[in-house]
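Engineer: I need the structure of the sequence given here:
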Amino acid sequence: MSAMIEALNIISWNIRGAVNAKGRRRSIELVQLHHPTIFVVMETHCLFSSAESFWTKLDYKLCNKVEARGHSGGIWILIAQHSQQVTSEVVVSPQALIDDCNLLDLGATGLRFTWYRNQLGFPLAKRLDRALCDTKWQTLFPNAFVENLCQVYSDHCPLLVRCGSLIETKKNRPFRFQAAWATHKGFEKIIKDAWKRSTPTLVNGLNTVWKEAIEFNRNVFGTIFSRKREIQARLKGAQFELEK
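Structural biologist: Below you'll find the predicted structure:
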């Protein structure tokens, strides 16, 4: 049981439109980087049926929802397919909930604010998003903390609730072709040469291409997710400077 608790990550994000291509791309990055067991999507601005296939491909299923009305509102609580069932409830009156249940603000590391907007040429920033818990939950997850992630696409930062330690264990993941590889002028030749060197069976050919693609990503193209983390770290540094 403790191993499952240590592996639990939760992401909550006011996405400001869940069918937009940029929002979906950012959602994929968040899943790939942080492997959340629970992903809460707010301000979806659409019905879940219009995005269900997208989340199914990411290996998530719906746990609870409040559907959007037209192009406003909408909350989806999604859980990883491999996880046990989660009981959830969406409450409309947050202040009453905080008072009645004596909820505690978990605070946050990272960016000081969670909402940024430029209004009439003046930058605005506030801490609108936060994670709350009761004493029972805090006892169950004593090492839990919240990180305000980099603001990309939406004017709200995603919140990452880590219920275990900061260090995440690396897992052997299945090979996935990265579309960005094809933008490199030398990638096509590498694949053709790898296919020619393999013995004439489909399985051997694919295995050789797989090994060459991994080697190409490591030594020539550079690890994509490492580059993304570096860029996001620079963006977060810039946002830190703007908060001063």
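Engineer: And the helices in the chain?
Structural biologist: 2-6, 21-34, 52-57, 94-101, 135-140, 187-197, 202-216, 224-243 (DSSP state H).
Engineer: Those into TSV, with extra columns for mean pLDDT, mean neighbour count and distance to Leu124?
Structural biologist: (Each C-beta comes from the backbone N, C-alpha and C, glycine too.) Listed next are the helices of the chain as TSV, based on pLDDT from 0 to 100; neighbours: other CB atoms under 10 Å; distance: least, CB to CB, whole Å:
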stretch	mean pLDDT	mean neighbour count	distance to Leu124
helix 2-6	43	11	38
helix 21-34	92	16	21
helix 52-57	95	13	31
helix 94-101	74	11	21
helix 135-140	84	11	32
helix 187-197	80	14	43
helix 202-216	76	15	44
helix 224-243	70	13	11
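Engineer: Looking at these, which is nearest to Ala80?
Structural biologist: With CB to CB as the measure, helix 21-34 is the member of the helices of the chain nearest Ala80 (9.0 Å).
Engineer: who's in contact with the closest one?
Structural biologist: Applying CB atoms under 8 Å, 6 or more residues apart in numbering, the contact partners of helix 21-34 are 9, 11, 13, 15-18, 36, 39, 41, 51, 54, 58, 60, 149, 152-154, 158, 160, 168, 225, 228-229.
Engineer: coming back round to it: to Gly70, which of the helices of the chain lies closest?
Structural biologist: It's helix 21-34; of these, that one is closest to Gly70 (CB to CB) at 17.6 Å.
Engineer: from the chain's centre, how far out does that closest one sit?
Structural biologist: On the basis of CA atoms, centre = their mean, to the nearest Å, helix 21-34 sits 5 Å off its chain's mean C-alpha point.
Engineer: ok so, going back, out of the helices of the chain, which is closest to Ser72?
Structural biologist: The nearest among the helices of the chain, by CB to CB, is helix 21-34 at 15.6 Å.
Engineer: List every C-alpha atom in the closest one, with coordinates, as PDB.
Structural biologist: Taking Å, rounded to 0.1, in the frame of the first residue of the first chain, the C-alpha atoms of helix 21-34 are listed here in PDB:
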ATOM      1  CA  ALA A  21      -4.600  21.800 -29.900                       C
ATOM      2  CA  LYS A  22      -2.200  23.800 -27.700                       C
ATOM      3  CA  GLY A  23      -4.000  22.800 -24.500                       C
ATOM      4  CA  ARG A  24      -4.000  19.100 -25.500                       C
ATOM      5  CA  ARG A  25      -0.300  19.300 -26.400                       C
ATOM      6  CA  ARG A  26       0.500  20.800 -22.900                       C
ATOM      7  CA  SER A  27      -1.700  18.100 -21.300                       C
ATOM      8  CA  ILE A  28       0.400  15.400 -23.100                       C
ATOM      9  CA  GLU A  29       3.600  17.000 -21.800                       C
ATOM     10  CA  LEU A  30       2.300  17.100 -18.200                       C
ATOM     11  CA  VAL A  31       1.300  13.400 -18.400                       C
ATOM     12  CA  GLN A  32       4.700  12.400 -19.800                       C
ATOM     13  CA  LEU A  33       6.700  14.500 -17.400                       C
ATOM     14  CA  HIS A  34       4.900  13.800 -14.100                       C
END
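Engineer: Following the record's annotation, map out the domains of the protein.
Structural biologist: 2-171, 179-231 (automatic domain parsing).
Engineer: would you list those in a markdown table and tack on distance to Gly237?
Structural biologist: Formatted as a markdown table, those follow (distance: least, CB to CB, whole Å):
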| stretch | distance to Gly237 |
| --- | --- |
| domain 2-171 | 10 |
| domain 179-231 | 11 |
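Engineer: The ones you listed: which one's closest to Ala238?
Structural biologist: Here domain 2-171 is closest among the domains of the chain (CB to CB), at 9.6 Å.
Engineer: The residue lying closest to Val209 once chain neighbours are set aside and Asn219, how far apart?
Structural biologist: In space, and not counting its chain neighbours, Val209 is closest to Ala194: 4.9 Å by CB to CB, 6 or more residues apart in numbering. Between Ala194 and Asn219 the distance is 14 Å, computed by CB to CB, to the nearest Å.
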